[in-house]
Structure formats: C-alpha cells, structure tokens
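Trainee: output the structure for:
(one chain, ligands or ions: 1)
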Amino acid sequence: MAGTAPFAKMNGIGNEIIVADMRGRADRVTAAAAITLNGDTATKFDQIMAIHDARTPGTAFFIDILNSDGTGAQACGNGMRCVVRALAAETGQKTFTFETVAGILNAREHDDGSISVDMGTPRFGWQDIPLAEEFRDTRMIELQIGPIDAPVLHSPSVVSMGNPHAIFWVDNDVWSYELDRFGPLLENHPIFPERANITIAQVTSPGTMVIRTWERGAGLTKACGSAACAAVVAAARTRRTGRSVTLVTPGGGELHVEWRDDDHVILTGAAEWEFSGSFDPSTGAWARDTESAA
Ligand SMILES: N[C@H](CCC[C@H](N)C(=O)O)C(=O)O
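Mentor: Just a heads-up that it's a prediction; the model follows:
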C-alpha cells in the first residue's frame, strides 16, 4: 500500500468536492474508495479532484476527476476552482495550467477571491457529444420525456464541454420539474452512449438564467460548472441570451460564464474550504485532521 494521502473537503457554490493530494505517488484514487467516501455523510461528495504530478511539460499538475459513483469525468468546473483555491493557499501562486483527460486548461484566482477557469472550447458535432445517431443540428434534438402527446421536457440542446450535456429549456420555475425522477432516465437514455449531464434552464433575461442539473454519475447537485458553461453556450447559439451570462444555481450561489469571441468558455465563481483529512486512495478509509489549517 502506498500510504494515506491528504485531502480537503471543499465546495464550489455548493457542488461538493474532495480535493485529493496524489502528488509524488503513482497510484490513483479507486472507484471503491470514491464509493466508500460518498457513503459517509461527512465526506459525501459530487466529485473527487485528484491532483497528480504533471505528465506534460508546460503544465503544473494532472487532475483526475471521479464522480461519486466511481466513474470518471472529463470536466468539472466547480471542482477546478476548488483545486485552484487549495493550491493558491499552499503556494501563493495565482495562475495555474492544468492537464485533464479532456486537455489543457488555465485558471486564475482574482484579488477578490473569485476564481476563473478557462473551460476550453465547446463542441457541437453529434459524434463529439456523443449521440448514438446522427443529428445535423444539435441546437435542438428530438428527445422527450413524459406523455407522448404532452411531454414534460423535450427538444434539448446538446453540447460537449469535454463532457456530455443536454439542456432542456423551460418557461416556468425550474423547481416545478421532478428532476430526481426524470434525471436518471435521461442520463441513461440510449441516445447518449456515454450517458449525459441533464440540465433544465430558465432564461430570465438576455444576461441571466436559472439552472438545475442532474449530473451524470452524481445525481442532483447544488451546482454544476460545466453544465453552466454548456447552458450559456447553448442559449447563445439559440439566441436566447448573449454570450455573457450570470447563472443562479440550486445552492443559491451564482456563477458567471462568458463565451469569448475566441470560442473559449470562461467560468467564474467562488470556492470554499470546509475541512481537511487524510484517506487511503485504495479503500476510502479516512480520518479528519485534528488541527485543520485552511
Ligand atoms: N460538477 C461538475 C461537473 C461534473 C460532470 C460529471 N458529472 C460528468 O460529466 O460525469 C462541474 O462543476 O462541472
């Protein structure tokens, strides 16, 4: 056994994140460890962000992302902000270049404590999302749930932010939908061969939106950063909003997303430290630090 690794329990506007320090070691956080940590109310999380030594010159660290069901994710915007907050507190550095399975991304902590992550460029091709069958126009695909003649949710926009997203547009309160019931059905719908993150979005003005997300591999969460990016890109593509939008999420927190002219999507928001401990990356057995330093 390679020994225990330090971790910090954090959150990105309510998205429950464990930042695991796997630097200087060759093993990875296992699916079994993720499931064990998620089974404990104190360490219940949406994503683990495991910081590993860099694999590519020009990057500071490789970040491995796990969902609470133990599966891997290619992107996690709220988790990346927590990683930045942890590393900035440790090093005093403000800007970082990371590598994930989805590619290289830059992030920065601002003087006011908010953190921006460059989430890269969106992809719209049906094979990129991926979808199981060809759709020429992914601004709106044929998919519905509920009674055939009166669907509850229908015609989502789909987009890849490195990970797959479907955005269902609604005119009324996002809380009036049973996302806990429809989420799992849509996440696992055969149209999404790699499953998908499912978001319902209500555009409230050209610069504001309310979203709720059922996350692939994690279920209902208080916020989902990559879904916020996907929703803004899809809203701008369908002329529902402009390219700079503030989003309100179920945790009550706000995220800001800007789809820049160079096609990069910038996610900005807060990240909060809760407590620290150490854990066994192969089993998930853990202990809280007695005297926690932020
Ligand atoms: N909470 C994350 C998204 C996790 C996505 C993950 N559920 C998947 O794609 O499997 C975020 O802030 O972007």
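Trainee: where does the stretch 151-294 of the chain have low pLDDT?
Mentor: 291-294 (pLDDT under 70).
Trainee: which residues does Ser282 contact?
Mentor: By C-beta atoms under 8 Å, 6 or more residues apart in numbering, Ser282 lies in contact with Met1, Ala2, Asp27, Thr30, Ala32, Ala33. Backbone N, C-alpha and C define where each C-beta goes, glycine included.
Trainee: do stretch 226-239 and the ligand meet?
Mentor: Yes: using C-beta under 6 Å from any ligand atom, stretch 226-239 comes into contact with the ligand via Ser226.
Trainee: touching, Gly14 and Val248? I think so.
Mentor: No: if you go by C-beta atoms under 8 Å, Gly14 and Val248 don't touch, sitting 11.4 Å apart.
Trainee: re the thing from before, is it possible to mark the buried ones in the contacts of Ser282?
Mentor: Thr30, Ala33 (16 or more other C-beta atoms under 10 Å).
Trainee: export the contacts of Ser282 to CSV and tack on pLDDT, secondary structure and distance to Trp214?
Mentor: Listed next are those as CSV, based on pLDDT from 0 to 100; DSSP: H, G, I helix; E, B strand; the rest coil; distance: C-beta to C-beta, whole Å:
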residue, pLDDT, secondary structure, distance to Trp214
Met1, 49, coil, 36
Ala2, 73, coil, 35
Asp27, 97, coil, 31
Thr30, 98, coil, 25
Ala32, 98, helix, 24
Ala33, 98, helix, 24
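Trainee: got TSV for the contacts of Ser282, with distance to the ligand too?
Mentor: What follows is the contacts of Ser282, written out as TSV (distance: C-beta to the nearest ligand atom, whole Å):
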residue	distance to the ligand
Met1	28
Ala2	26
Asp27	22
Thr30	17
Ala32	18
Ala33	17
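Trainee: and stretch 64-75, how far apart are its ends?
Mentor: Using C-alpha to C-alpha, to the nearest Å, the end-to-end distance of stretch 64-75 comes to 9 Å.
Trainee: near the ligand, which residues of the stretch 51-200 of the chain show up?
Mentor: Asn67, Ala73, Ala75, Cys76, Gly77, Asn78, Gly79, Asn163, Asn197.
Trainee: if we go to 8 Å?
Mentor: Taking C-beta under 8 Å from any ligand atom as the criterion, the stretch 51-200 of the chain approaches the ligand at residues 65, 67, 71-80, 161, 163-165, 195, 197.
Trainee: next step: the residues you listed restricted to helices.
Mentor: The helices, defined by DSSP state H, take in Gly77, Asn78, Gly79, Met80 from these.
Trainee: do you have the strands of the stretch 1-150 of the chain handy? List them.
Mentor: With DSSP state E, counting those that start in this stretch, the ranges of strands along the stretch 1-150 of the chain come out as 5-12, 15-21, 47-53, 61-67, 95-100, 103-109, 115-118, 144-145.
Trainee: which one of the ones you listed is the most hemmed in?
Mentor: Per-stretch averages of neighbours, counted by mean count of other C-beta atoms under 10 Å, single out strand 15-21 among the strands of the stretch 1-150 of the chain, with a mean of 26.
Trainee: that one to strand 61-67, inter-axis angle?
Mentor: Relative orientation of strand 15-21 versus strand 61-67 (axes from the mean of the first three to the mean of the last three C-alpha atoms, to 10 degrees): 140 degrees.
Trainee: neighbouring strands - and their directions - for strand 15-21?
Mentor: Strand 15-21 pairs in its sheet with strand 5-12 (antiparallel), strand 47-53 (parallel), by DSSP bridges.
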